[in-house]
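Enquirer: next input, structure requested:
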Amino acid sequence: MRAQPQTLNDWKARLWCRFFLLSVFATMYLNDIQRQDFYAAIGLDAREYDKDVIEKTNETAGRVFPVMLDVKKPEFYQRLELCVKNNEKLRAIVNSRTPKFLQIFQKLPYYLSNGWQAVKLYFIKPIDATAIQGSIR
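Expert: Okay, here's the model as predicted:
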């Protein structure tokens, strides 16, 4: 990307960078919370570990990408936690004895909620990494 910086200089690139970062961070967070027993077994708190990894990855991405996500805004993790709770409810539905056909309708509100949280996360005002890069030089 550094070899072709023009690919990161327009508004479309900023939107794609936000999408990419959000996809990576949300996927990691939700997957790792499901595996929190593993993290506990090796002496880590999955949430705190992920927050640290997300923050460091975000900073690293800001060296290349024109934007970074505002992961320090409390709303960021509050919305991810809503998705965690929704996923727990989805797992409970899957593990219930409810017929599969009815499970579809039971799951729908949680899928919609997760989608809405993702949209809201996407539209949290990003940090202009180019301004930060310029002030460091």
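
Enquirer: which residues sit against stretch 91-110?
Expert: With contacts defined as Cβ atoms under 8 Å, 6 or more residues apart in numbering, stretch 91-110 is touched by 86-87, 89-90. The C-beta positions use only the backbone N, C-alpha and C, and glycine is treated the same way.

Enquirer: please disregard the earlier target; I meant stretch 15-33.
Expert: The contact list for stretch 15-33 (Cβ under 8 Å, 6+ apart) reads 8, 39, 46-47, 49-50, 53-54, 57-58, 61, 65-69, 71, 80, 83-84, 87, 118, 121-122, 126.

Enquirer: and those residues, which are buried?
Expert: Buried members of the contacts of stretch 15-33, counted by 16 or more other Cβ atoms under 10 Å: 8, 39, 46-47, 50, 54, 57-58, 61, 65-69, 71, 80, 83-84, 87, 118, 121-122, 126.

Enquirer: what count of nearby residues applies to the residue lying closest to residue 77 once chain neighbours are set aside?
Expert: Nearest residue to residue 77, sequence neighbours excluded (Cβ to Cβ, 6 or more residues apart in numbering): residue 51, at 7.0 Å. When neighbours are counted by other Cβ atoms under 10 Å, residue 51 registers 18.

Enquirer: ditto for residue 28
Expert: Around residue 28 there are 14 other residues, counting by other Cβ under 10 Å.

Enquirer: can you give me the pLDDT of it?
Expert: Residue 28 is assigned 97 on the pLDDT scale.

Enquirer: what about residue 64, which SS state?
Expert: When classified by DSSP: H, G, I helix; E, B strand; the rest coil, residue 64 comes out as coil.

Enquirer: can you offset everything so residue one is 46?
Expert: Taking 46 as the first residue, the last one we looked at is residue 109.

Enquirer: what is the neighbour count of it?
Expert: If you count neighbours by other Cβ under 10 Å, residue 109 ends up with 13.

Enquirer: done for today, thanks.
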